[in-house]
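>>> This is a predicted model, with the sequence first.
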Amino acid sequence: MTSSYLVLTAPGGTDVTHEKTRVIRDGFTLLGFLFPWLWLLAHRIWLYALAAFLLQGLGGVLMDRPGLWPAGFAITLGTCILAGFEGQNLRIRNLASKGWNEEAVITADSLATAEEIFFSNIETNADGDRMPAPEWGRHPHSPGRHGNTTSLGLFGFNGGR
């Protein structure tokens, strides 16, 4: 099944080995669905992890009360669904707010294929220094919002999910 992958480069630019370059799949994450606040903590999305923890705690307390278990279950399940579907978008937006650059959007069948497509177009530099970046592709960033993602991520980068 084909998915969209975003390629993000570090704020200081790329290095020769491209170890800081991140390729992130835009789509559902099963671990984010099963363990929302732990997954968010693992990806350093602190505020959303705290919110997910509190919402799941509230849902657990409500499920223990007689007659309120449907509301508690709905809150817990809703938190899991949001983290599963929007977790990767939160991860991308978190990195973009820290100055990471969205270099490319690649449609591929797997992460390995997406990495192969992206890195096949990159020239290698044997000096061991940083890769020279072309100046024609650099635009100054506005002090406002970073990235070009939608507010809820309901629409993918290729026009839909």
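All right, it came through fine. Numbering: from 1, shown residues only.

>>> so residue 114 makes contact with residue 23?
Yes - counting by CB atoms under 8 Å, residue 114 touches residue 23, with 5.5 Å between them. To be clear about C-beta, it is placed using only N, CA and C from the backbone, and glycine gets the same treatment.

>>> Pull up the overlap in contacts between these two.
Each of 5, 7, 106 lies in contact with both residue 114 and residue 23 under the rule CB atoms under 8 Å, 6 or more residues apart in numbering.

>>> circling back to that earlier point, which one of residue 114 and residue 23 is surrounded by more residues?
residue 114 (23 against 19; other CB atoms under 10 Å).

>>> of the shared contacts of residue 114 and residue 23, closest to residue 34?
When these are ranked by distance to residue 34 (CB to CB), residue 5 comes first, at 22.1 Å.

>>> Can I take it that the closest one is in a strand?
Yes - under DSSP: H, G, I helix; E, B strand; the rest coil, residue 5 sits within a strand.

>>> so what's it bridging to?
As for beta bridges, residue 5 partners with residue 25, residue 106 under DSSP bridges.

>>> Tell me where the protein is predicted with low confidence.
The model of the chain has pLDDT under 70 over residues 14-17, 123-161.

>>> repeat that for 80
Across the chain, the ranges flagged by pLDDT under 80 are 1, 12-19, 121-161.

>>> residue ranges for the helices of this structure, please.
According to DSSP state H, the chain carries its helices in the segments 30-34, 36-42, 46-64, 69-97, 111-120.

>>> Which elements pack onto the first one?
Other elements packing on helix 30-34 under the criterion 3 or more CB pairs under 8 Å, 6 or more residues apart in numbering; DSSP states H and E are helix 36-42, helix 69-97.

>>> closest one to residue 18 among those helices?
helix 69-97 (15.5 Å).

>>> Would you indicate which residues of that closest one are buried?
Neighbour counts over helix 69-97 (16 or more other CB atoms under 10 Å) mark 72, 75-76, 79-80, 82-96 as buried.
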